[in-house]
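Visitor: fold the following, please.
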Amino acid sequence: QVQLVESGGGLVQAGGSLRLSCAASGSTFSNYAMGWFRQAPGKEREFVAAISRSGGSTSYGDSTDSEKGRFTISRDNAKNTVYLQMNSLKPEDTAVYYCGAKRTVTDGPFRYGYDYWGQGTQVTVSS
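Guide: Numbering: from 1, shown residues only. Below is the predicted model:
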């Protein structure tokens with residue numbers, strides 16, 4: 001079993017940046033693919049980004065403008081931590097951001113099937 005603790009959320013103006021962190025403990029971190037999801041009030045949880053066990057593969061949700069480098073997921077297996085760098089933030093990015101862990105034997109990013117979740121961290125982007 002793995003425990004996840006997110007941090008780094010807060011209030012930022014539109015156009016600003018935040019870096020979220022998710023620290024894992026309780027199990028071998030490199031056995032887990034990791035992901036970030038978000039949930040805005042009144043909306044379903046939405047996939048944001050995922051990264052493979054090794055960190056060699058990533059996947060992004062449609063709202064992240066990944067081709068523009070707006071959101072970037074990364075991980076440091078030595079520190080048992082996954083990150084989400086968010087740039088050019090928009091008011092519509094306002095949500096609670098959750099970190100998820102998926103135990104897997106394959107080295108791929110996943111959009112579904114996460115086994116463990118953190119408690120979430122609030123991101124609020126003002127216009």
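
Visitor: nearest the middle, which residue of this protein would you pick?
Guide: Taking Cα atoms, centre = their mean, the centroid of the chain lies closest to W36, which sits 2.4 Å from it.

Visitor: do you know the pLDDT at that one?
Guide: Listed pLDDT for W36 reads 98.

Visitor: confirm S63 sits in a strand?
Guide: No: S63 sits outside any strand when classified using DSSP: H, G, I helix; E, B strand; the rest coil, being helix.

Visitor: I figured it was touching E46, is that so?
Guide: Yes: using Cβ atoms under 8 Å, S63 is in contact with E46, at 7.0 Å. Backbone N, C-alpha and C define where each C-beta goes, glycine included.

Visitor: still on that earlier bit, secondary structure element holding the residue nearest to the centre of the chain?
Guide: Element membership for W36 (DSSP states H and E) is strand 32-39.

Visitor: name the residues that touch that strand?
Guide: Here strand 32-39 makes contact (Cβ atoms under 8 Å, 6 or more residues apart in numbering) with 2, 20, 22, 24, 45-53, 73, 75, 82, 84, 93, 95-104, 108-111, 114, 116, 120, 123.

Visitor: give the residue spans of this protein that score low on pLDDT.
Guide: Residue ranges of the chain with pLDDT under 70: 66-67.

Visitor: the strands in it, which residues?
Guide: Counting by DSSP state E, the chain has strands at residues 3-7, 10-13, 18-25, 32-39, 46-51, 58-60, 71-76, 81-86, 95-103, 116-117, 121-126.

Visitor: what strands line up against the last one, and which way round?
Guide: Strands flanking strand 121-126 in the sheet, each with its direction: strand 10-13 (parallel), strand 95-103 (antiparallel) (DSSP bridges).
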